[in-house]
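Q: from the sequence below, what's the structure:
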Amino acid sequence: MKLINEIAEKYKISLIYLFGSQAELGERYLHGEDIKPEPYSDLDIAVLFEEIPENIIKTYGELYRDLCFVFEPFEIDLVFMHEQDSLFQYEIIKGVRIYAKDEDFADEYEELVMKKASDLSFKQKEFIKDVLEAIEDGYFQFEYKANS
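A: Numbering: from 1, shown residues only. As a prediction, this is how the structure comes out:
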């Protein structure tokens, strides 16, 4: 965990999460367990910066390199949380938080993500309901032609 803290400080990161199918294995690896990553699956890592870096592409490359070193047996996939929508951020925070610069900030941020995701999910369901009603009422027509 010391390396994670050093990386977070170096890149001015507020939060780091492991998420996806290998999140728990990644966490166990960080705690010193001898694990074997699942084949054909990567370790998803998400970071939230204190401030968005000026040279985001350079930062991505350097941070990716550093995280590959920390999680050496894994293939990793790195995402920046500020680039993701609320529903995807919600999937991220359901994973394993491995670093928080400030626990109160982390809790508040997660609460905000949950509220936004809930609101977006509600709006998406309402939109789908409205579209289905419009189709049912004949406002939209679909013509299907196989292999045309």
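Q: can you give me the helices for the protein?
A: Counting by DSSP state H, the chain has helices at residues 2-11, 23-30, 56-70, 86-93, 103-136.
Q: now for Pro73, how many residues are close by?
A: 12 (other C-beta atoms under 10 Å). Yep, even glycine has a C-beta here, placed from its N, CA and C like the rest.
Q: ok, it - contacts?
A: Contact analysis of Pro73 by C-beta atoms under 8 Å, 6 or more residues apart in numbering lists 29, 35-37.
Q: just the buried ones out of these, please.
A: 29, 35, 37 (16 or more other C-beta atoms under 10 Å).
Q: verify the contact between the first one and Gln22 for me.
A: So the one you mean is Tyr29. No: Tyr29 lies out of contact with Gln22 (C-beta atoms under 8 Å); the separation is 9.3 Å.
Q: what touches both of these two?
A: With C-beta under 8 Å, 6+ apart as the test, Tyr29 and Gln22 both reach Phe74.
Q: name the nearest residue to Gly20, sequence neighbours excluded.
A: The shortest distance from Gly20 to any non-neighbouring residue, by C-beta to C-beta, 6 or more residues apart in numbering, is to Asp44 (3.6 Å).
Q: quick one: contacts for that neighbour?
A: 18-20, 22-23, 76-77, 79, 95.
Q: report the buried members of those.
A: Buried, going by 16+ other C-beta under 10 Å: 18-20, 22-23, 76, 79, 95, out of the contacts of Asp44.
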